[in-house]
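# Sharing a sequence plus its predicted fold:
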Amino acid sequence: MFEAKTRLSELVKQAQQGEEVIITTGREKRPVARITPIEKPQIRRLGLLADPGYKFPDSFWDPLPEEELALWEGGAE
């Protein structure tokens, strides 16, 4: 554990390079912690957003007609 505290920066760099670092304690060198690299999450786009060139039409931002707005707000059909 003492060695890990004094070499923490080096151990983190090893993890950044893809290595898994196990920290041990005591004379028996019992494993107590693990430093592993964090993988970047993969961004998955669905539907229309899967196409990076897709643009919403300007009318997308227009206010809803009163009848449709009433339906969204729980009004009767």
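Okay, I see it. If you're wondering where the values come from, they're calculated on a predicted model, not measured in any experiment.
# Stretch 32-42: end-to-end distance?
Terminal residues of stretch 32-42 are spaced 30 Å apart (CA to CA, to the nearest Å).
# And it, how far out from the chain middle?
Centre-to-centre, stretch 32-42 and its host chain are 12 Å apart (CA atoms, centre = their mean, to the nearest Å).
# Can you give the contact residues for it?
1, 4, 11-12, 14-25 (CB atoms under 8 Å, 6 or more residues apart in numbering). Any C-beta I mention is one placed from the backbone N, CA and C, and that applies to glycine too.
# Okay, buried residues for the lowest-mean-pLDDT helix or strand in the chain please.
The least trusted helix or strand in the chain, going by mean pLDDT, DSSP states H and E, turns out to be helix 2-6, with a mean of 86. In terms of neighbour count (16 or more other CB atoms under 10 Å), helix 2-6 has its buried residues at Ala4.
# where does this protein have low pLDDT?
For the chain, the stretches flagged by pLDDT under 70 are 48-49, 76-77.
# quick one, helices of it?
2-6, 8-16, 66-72 (DSSP state H).
# which of the ones you listed sits most buried?
Highest mean neighbour count among the helices of the chain (mean count of other CB atoms under 10 Å): helix 8-16, with a mean of 13.
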